[in-house]
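Engineer: sequence and computational prediction follow.
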Amino acid sequence: MLGYFTLLPVRFKASDDLAHPKVMGAMLFWLPLAGLVSAGGSVLVYLLLGKLGWLAAVIAALVYPMLYGFLHTEAVADVADALYAAHSGKDAYSVIKDPTVGAMGVLWTVAAVLLKTVLIVSLLMHGMWVLFVAAAVSSRMGLEMLFFTQTFHSSFIRTLQRGFNGKLFGSSMILFLLVGLAVAGENFFLIVALSMGISYLVATRIGKALGFLNGDVLGTTLEATEILLMLTGALLWL
């Protein structure tokens, strides 16, 4: 999971079968850990560079997407282009698979990165790093819910789904609810509920517009969920 969903160096043996259903299922089981590690690393950078003030917060905010390799952020560009293509009557799937990026995709991605960076900076500088970490973990729990409940137009995701049975899904939910409870207290249950609801609404709305769900839609859903969760938290703080 860390090897695929983050930039952290993970070594494998030549004999490791990374495509085995059990490996795929385990990767999804630990998916929320990617959020915990990435957001935790960002908070640690902020604490270490605390004397730099707002500059420390900006650096820490950028470290977060860097640690997951902007994997989900780049999906925003593809989905934005595909949505505009579908609105114009074009084949959305061919557009979303095109390796090039259109102007609208670039604009929406830049807007998303700027907004998310500003929100993380604001949360860190106001001492609300717990909400930041909770959003990073719960947003990925929302993705697990989508993996378990939705049908995708992607052979790789279907391979992931085959190894992610109800037992693994339920166990992952329980484990990370306990982790979130330890980190954020009882409010984490509300954050998870919001995350699940936002993830479902965003993914199904995009899926309806495009006519399919794939990995790019999941990445866009995660980015949108985190932004909305952090924005909600910031507004409540004000």
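Structural biologist: Alright, I've got the coordinates.

Engineer: tell me who's in contact with residue 135.
Structural biologist: Residues in contact with residue 135 (C-beta atoms under 8 Å, 6 or more residues apart in numbering) are 39, 191, 195, 225, 226, 229, 230, 233. The way it works is simple: take the backbone N, C-alpha and C, and place the C-beta from them, glycine included.

Engineer: now the helices: where do they sit in the chain?
Structural biologist: 2-5, 21-29, 31-48, 54-67, 73-87, 92-97, 103-125, 129-149, 155-163, 166-184, 187-210, 215-237 (DSSP state H).

Engineer: pick the most deeply packed of these.
Structural biologist: Sort the helices of the chain by mean neighbour count, taking mean count of other C-beta atoms under 10 Å, and helix 129-149 sits at the top with a mean of 23.

Engineer: give me the angle between that one and helix 166-184.
Structural biologist: 170 degrees (axes from the mean of the first three to the mean of the last three C-alpha atoms, to 10 degrees).

Engineer: quick one: average pLDDT of helix 129-149?
Structural biologist: Averaging pLDDT along helix 129-149 gives 94.

Engineer: what about dumping the CA coordinates of it to PDB?
Structural biologist: Provided in PDB are the C-alpha atoms of helix 129-149 (Å, rounded to 0.1, in the frame of the first residue of the first chain):
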ATOM      1  CA  TRP A 129      -3.800  19.700  12.800                       C
ATOM      2  CA  VAL A 130      -6.000  17.000  14.200                       C
ATOM      3  CA  LEU A 131      -8.800  17.900  11.800                       C
ATOM      4  CA  PHE A 132      -6.300  17.800   8.900                       C
ATOM      5  CA  VAL A 133      -5.100  14.300   9.900                       C
ATOM      6  CA  ALA A 134      -8.700  13.200  10.400                       C
ATOM      7  CA  ALA A 135      -9.700  14.400   7.000                       C
ATOM      8  CA  ALA A 136      -6.800  12.600   5.400                       C
ATOM      9  CA  VAL A 137      -7.700   9.300   7.000                       C
ATOM     10  CA  SER A 138     -11.500   9.500   6.700                       C
ATOM     11  CA  SER A 139     -11.400  10.500   3.000                       C
ATOM     12  CA  ARG A 140      -9.600   7.300   2.200                       C
ATOM     13  CA  MET A 141     -12.100   5.400   4.300                       C
ATOM     14  CA  GLY A 142     -14.700   7.000   2.000                       C
ATOM     15  CA  LEU A 143     -12.800   5.500  -1.000                       C
ATOM     16  CA  GLU A 144     -12.800   2.100   0.600                       C
ATOM     17  CA  MET A 145     -16.600   2.400   0.800                       C
ATOM     18  CA  LEU A 146     -16.700   3.200  -2.900                       C
ATOM     19  CA  PHE A 147     -14.400   0.300  -3.700                       C
ATOM     20  CA  PHE A 148     -16.800  -2.000  -1.900                       C
ATOM     21  CA  THR A 149     -20.100  -0.700  -3.200                       C
END
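
Engineer: return the member of the contacts of residue 135 nearest to residue 150.
Structural biologist: Relative to residue 150, the closest of these is residue 225; by C-beta to C-beta it sits at 14.6 Å.

Engineer: list the contacts of the residue most central in space within the chain.
Structural biologist: Centroid-nearest residue in the chain: residue 222, 3.5 Å away (criterion: C-alpha atoms, centre = their mean). Residues in contact with residue 222 (C-beta under 8 Å, 6+ apart) are 72, 139, 140, 142, 143, 199.

Engineer: closest one of the contacts of residue 135 to residue 90?
Structural biologist: residue 225 (27.2 Å).

Engineer: surely the closest one meets residue 201?
Structural biologist: No: counting by C-beta atoms under 8 Å, residue 225 stays clear of residue 201, with 9.5 Å between them.

Engineer: where does this structure have low pLDDT?
Structural biologist: The chain contains residues with pLDDT under 70 at 237-238.
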